[in-house]
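**Student:** got a predicted model here, sequence first, then my questions.
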Amino acid sequence: MNNPCIKTSCAACNNTHSNTALSCKSDNKVLKNSEYFDYIHCSHCRSLTLAQIPRNMNEYYQKYHAQYDCLKRKFKKPFSFIRLMKKYIITNRNFISKLLGCCFFISFEHCAIKALSNTNIKKNSKILDAGCGAGYFVDELTDLGFSNIIGIDKYLIRQQTTNSSKLFNQELYETKGHFDYIIFNHSFEHLENPIQIAEKCDQLLNQGGTLIIRVPNILSFQFKHLQEAWPGIHAPFHYLLPSIEGIKAIFEKTSLKLVETRKEIHLKKCFIHSKRLISYTSKLKKDRWTKSYLLIKDYLFTKKSDAILSNSIVFYLRTEGTL
């Protein structure tokens, strides 16, 4: 359902002109009774914003954590060979590291490891994992020799974590100190007030520090065709899905500058999104063949495979100076 929306502004660039409203169905795994939430697709920066955050989000998140069990997941130490490959991927970005990443590291968690490649990160770098869940990524980096890392999460339950001394039940606003790297592993899109978050990140980062943001790719082939049926929207838990121009607008008034973007491909999510795409076109009652033809045509003439398969995007922002 697409309706012109004029009054609601984009959370990234504040544009109010010629935006589009999408009525998005909630995640059935979390909310058993289907609900619909309005999102605003910005005509200027192409970011997607939740029009109104529900007042009972805490109740929704209780159901969210009960379903996905993301605060109770335990880190299991990998085999030595896997550990060595992970270290190689983080410290190198060449043909071999890319091949290893494509062949072995295709899960959601492993993409977080690949996101650290070619960032000049060191084992003594001060790292903040913002929105760490149960601390899975903190435990994984600690196992790889990164000793100076902490994680924060608003919904953290300390008793359910394995490395509680490095994990804190708090929001980003409450965090003190300075860091060389701040990482949002699919947590940035869950946060309110992105511009205030950007300002806080600017304060927390050392000179030459790097901010890494992994989010669903709103510029993906899947969203272009699925629109409100795209699983990456994950209503109502994703408040903002920023585009490249959206990220630039959010950090415009900070010292952080976008220096690189990378598209991620994790095959399980790619399969889920592609399955939804096929199901969506098969259920079309009106203009089914026309829309299917346009979809296939777009697929065949999209030159880069990552534009078709990528379901996440990684933004790298850096402050001026050197560490």
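**Tutor:** Done, it's in.
**Student:** the helices in the stretch 1-150 of the chain, which residues?
**Tutor:** 57-68, 80-91, 95-104, 108-114, 136-143 (DSSP state H, counting those that start in this stretch).
**Student:** nearest to Phe168, of those?
**Tutor:** Ranking the helices of the stretch 1-150 of the chain by proximity to Phe168 (Cβ to Cβ) places helix 136-143 first, at 10.5 Å. Any C-beta I mention is one placed from the backbone N, CA and C, and that applies to glycine too.
**Student:** report all helices and strands that the closest one contacts.
**Tutor:** helix 108-114, strand 127-130, strand 149-152 (3 or more Cβ pairs under 8 Å, 6 or more residues apart in numbering; DSSP states H and E).
**Student:** got the angle between that helix and helix 80-91?
**Tutor:** For helix 136-143 against helix 80-91, the angle by axes from the mean of the first three to the mean of the last three Cα atoms, to 10 degrees is 100 degrees.
**Student:** in helix 136-143, which residues are buried?
**Tutor:** 136-142 (16 or more other Cβ atoms under 10 Å).
**Student:** next one: that helix to chain centre, how far?
**Tutor:** Helix 136-143 sits 18 Å away from the centroid of its parent chain (Cα atoms, centre = their mean, to the nearest Å).
**Student:** of the helices and strands packed on helix 136-143, which is nearest Ser243?
**Tutor:** helix 108-114 (19.4 Å).
**Student:** mind listing what's buried in that closest one?
**Tutor:** So helix 108-114, judged by 16+ other Cβ under 10 Å, has buried residues 110-114.
**Student:** pLDDT check: weakest of these?
**Tutor:** Lowest pLDDT within these is found at His110 (74).
**Student:** thinking again about what came up before, closest to Asn311 out of the helices and strands packed on helix 136-143?
**Tutor:** helix 108-114 (9.9 Å).
**Student:** that closest one packs against which elements?
**Tutor:** Against helix 108-114 (3+ Cβ pairs under 8 Å, 6+ apart) you get helix 80-91, helix 95-104, helix 136-143.
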